[in-house]
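> From the sequence below, what's the structure:
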Amino acid sequence: MEFTDRLVDIIAEGFDIVIRTGPLQDSRLSARRLLGFKGKIVGSPGYFDRKGIPVHPSELEHHACLHYRFPHSGKTEKWCFSSEANIKELSLPTAMICNSLEARIHYAKQGVGLAWVPDFSVNTALEEGSLRSVLDSFIAHTDAFSMVWPSGRQTIPKLRTFIDFMSSHRSL
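Predicted coordinates:
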């Protein structure tokens, strides 16, 4: 088992199965959706006390933003808003760029800035009150986790067992 944010080549690197987000881009692979999620913009109560609470995405241009850099492309993750936000191009300030979800959540809790994160990663912090979410009605980004494995060959029993188990326990 390997834990990485790196986009692995499942076939060339000999992986039996991976869990990933985003659309399937390789026709040599099979996939099964596991769990959907939404993006959230979060910050600490202390941050909002100092900087104010944005009520429209355009106000993010006046906030410290904690960005994610994709290890495989070097690009930063876009903060996606619904068409109701009526935003053509948004230039978000950069307080920090990193390739770690955990670091962005940590720094958001410390009041360094606002982070765009998947909802499941901050549910507990939101319930406890160490983070608050903003602009929820403007967030358009949804994605899903999927299991992805090489297709075109008979699935070995241990892999079939894993796929069936994960499929029946999607809420784990």
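> So for the protein, the centremost residue is which one?
For the chain, the residue sitting closest to the mean C-alpha position, by C-alpha atoms, centre = their mean, is Pro118 at 4.2 Å.
> count of neighbours near Ile17?
19 (other C-beta atoms under 10 Å). For the C-beta atoms, the positions are set from N, CA and C on the backbone; glycine is no exception.
> For the residue nearest to the centre of the chain, give its distance to Thr21.
8 Å (C-beta to C-beta, to the nearest Å).
> what touches both of these two?
Asp143 (C-beta atoms under 8 Å, 6 or more residues apart in numbering).
> In this structure Ile19 contacts Leu35, no?
No. Using C-beta atoms under 8 Å as the test, Ile19 is too far from Leu35 to be in contact (9.7 Å).
> And those two? Which one has more around it.
For Ile19 versus Leu35, the count of surrounding residues by other C-beta under 10 Å is larger for Leu35: 15 against 12.
> Just grab the bridge partners of the more buried one for me.
Phe145 (DSSP bridges).
> Could I get the contacting residues of the residue nearest to the centre of the chain?
Neighbouring residues of Pro118 by C-beta under 8 Å, 6+ apart: 37-40, 101, 143.
> swap the cut-off to 6 Å and go again
The contact partners of Pro118, by C-beta atoms under 6 Å, 6 or more residues apart in numbering, come to Phe37.
> Helix, strand or coil: sort out Arg104 for me.
helix (DSSP: H, G, I helix; E, B strand; the rest coil).
> cool, the one 4 residues further on as well?
Secondary structure for Ala108, judged by three-state DSSP, is helix.
> if I look at it, how far off is Ile10?
32 Å.
> Which one of the two is surrounded by more residues?
Per other C-beta under 10 Å, whichever of Ala108 and Ile10 has more neighbours is Ala108, with 27 against 18.
> What is the burial count for the closest residue to Ser121 other than its chain neighbours?
Nearest non-adjacent residue to Ser121, counting by C-beta to C-beta, 6 or more residues apart in numbering: Leu101, 5.9 Å away. Leu101 has 15 neighbours, counted by other C-beta under 10 Å.
> for Arg32, same thing?
For Arg32, using other C-beta under 10 Å, the count is 14.
> Surely it touches Phe145?
No. Contact criterion C-beta atoms under 6 Å: Arg32 and Phe145 do not qualify, at 10.1 Å.
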